[in-house]
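**Student:** predicted model, plus sequence, below.
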Amino acid sequence: MTQDELKQAVARAAIEYVPAGEIIGVGTGSTANFFIDELGKIKDRIKGAVASSEATATRLRAHGISVLDLNEVESLSVYIDGADEITAQGAMIKGGGAALTREKIVASVAKQFVCIADGSKLVDVLGAFPLPVEVIPMAHAAVARALKALGGEPKLRAKDGQPVLTDNGCYILDVSGLRIAAPAELENRINNIVGVVTVGLFAQRGANVGLLGTGEGVKKLTF
Ligand code: 5RP
């Protein structure tokens, strides 16, 4: 099976977690896109969705799914999203698609986080994937120095020679060289650096369910 077929399989499996008549939270990225395409097939079963990025909102609307502002919603029964890495304890690195802040906000309002990913994302220790950190543009150099002091190697995410801008108008530092043995602790430490908007560690509020695509089918993990 190709990686896309594995992503499609978990996207289909996630439909089981979509409660009828409710508003759900939807993540960002290629796996989330496959999920949105599946959601489009059952769109009349749900009331609408809260999107974790402009790209996701556009794709949801293209399927005729109503997109609600998070401020209009008190709670979400479920948030469904991909990950760049996930551990057997449900801690994740996210933000490869630069949507980490809105992803963390929408996830914080949801009762359940269902992570959908191809099986290659399951790791023993987080950190081989460079850890994304969203920063206020005027603080990127100062935050980079603080991240270096923590033992990481930060690099400003850029495209065509320009810093990548998030949906919030901020920059991303991708931090390599970290072996993250205590993700919840590091999440706290990095969030406390002045100028950091959000760190892409999702450990204090990790996944509740993991649906991982493998050659032997969709493997379900509960945390
Ligand atoms: C976007 C994310 C994505 O969930 C993560 O990058 C995984 O993406 P993909 O499903 O394309 O592998 O955190 O900010």
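**Tutor:** Cool, got the structure.
**Student:** what segments of the chain are helices?
**Tutor:** Under the criterion DSSP state H, the chain carries helices at the ranges 3-14, 30-41, 54-62, 100-109, 140-149, 183-191.
**Student:** contact partners of the second one?
**Tutor:** Which is helix 30-41. For helix 30-41, the surrounding residues in contact (CB atoms under 8 Å, 6 or more residues apart in numbering) are 4, 7-8, 10-12, 14-15, 18, 26-27, 46, 49, 52, 56, 59-60, 63-65, 80-82, 116-118. Where C-beta positions appear, they are placed from N, C-alpha and C, glycine not excepted.
**Student:** same thing with the last one?
**Tutor:** Residues from elsewhere that reach helix 183-191, judged by CB under 8 Å, 6+ apart: 87, 91, 126, 133, 147, 150, 178, 180, 196, 198-199, 201-204.
**Student:** can I get the helices of the chain in CSV with mean pLDDT, mean neighbour count and distance to residue 169?
**Tutor:** CSV is the format used below for those (pLDDT from 0 to 100; neighbours: other CB atoms under 10 Å; distance: least, CB to CB, whole Å):
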stretch, mean pLDDT, mean neighbour count, distance to residue 169
helix 3-14, 97, 20, 29
helix 30-41, 98, 21, 22
helix 54-62, 98, 18, 12
helix 100-109, 98, 22, 11
helix 140-149, 98, 16, 13
helix 183-191, 98, 18, 19
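**Student:** residue 122 is nearest to which of these?
**Tutor:** helix 3-14 (11.8 Å; CB to CB).
**Student:** rewinding a little: in strands, which of the contacts of helix 183-191 fall?
**Tutor:** Judged by DSSP state E, strands contain the following of the contacts of helix 183-191: 133, 196, 198, 199, 201, 202.
**Student:** okay, among the residues you listed, which ones form the most distant pair?
**Tutor:** With distances taken as CB to CB, the most widely separated pair in those is 196 and 202, at 14.9 Å.
**Student:** these two - which one has more neighbours?
**Tutor:** Ranked by neighbour count (other CB atoms under 10 Å), residue 196 and residue 202 place residue 202 first, with 29 against 20.
**Student:** surely the more buried one touches residue 105?
**Tutor:** No. Using CB atoms under 8 Å, residue 202 is not in contact with residue 105, being 11.7 Å away.
**Student:** show the average pLDDT along the longest strand along the chain.
**Tutor:** The strand that spans the most residues within the chain, counting by DSSP E, is strand 110-118. For strand 110-118, the per-residue pLDDT values average out at 97.
**Student:** now do the buried residues in that strand.
**Tutor:** Residues of strand 110-118 classed as buried by neighbour count (16 or more other CB atoms under 10 Å): 110, 112, 113, 114, 115, 116, 117, 118.
**Student:** what parts of the protein come near the ligand?
**Tutor:** With CB under 6 Å from any ligand atom as the criterion, the chain meets the ligand at residues 27-31, 81-84, 94-100, 103.
**Student:** leaving out the residues flanking it, which one is nearest to the residue nearest the centre of the chain?
**Tutor:** When the chain is reduced to its mean C-alpha position, the nearest residue by CA atoms, centre = their mean turns out to be residue 94, at 4.4 Å. In space, not counting the residues next to it along the chain, residue 94 is nearest to residue 200; the distance is 4.9 Å by CB to CB, 6 or more residues apart in numbering.
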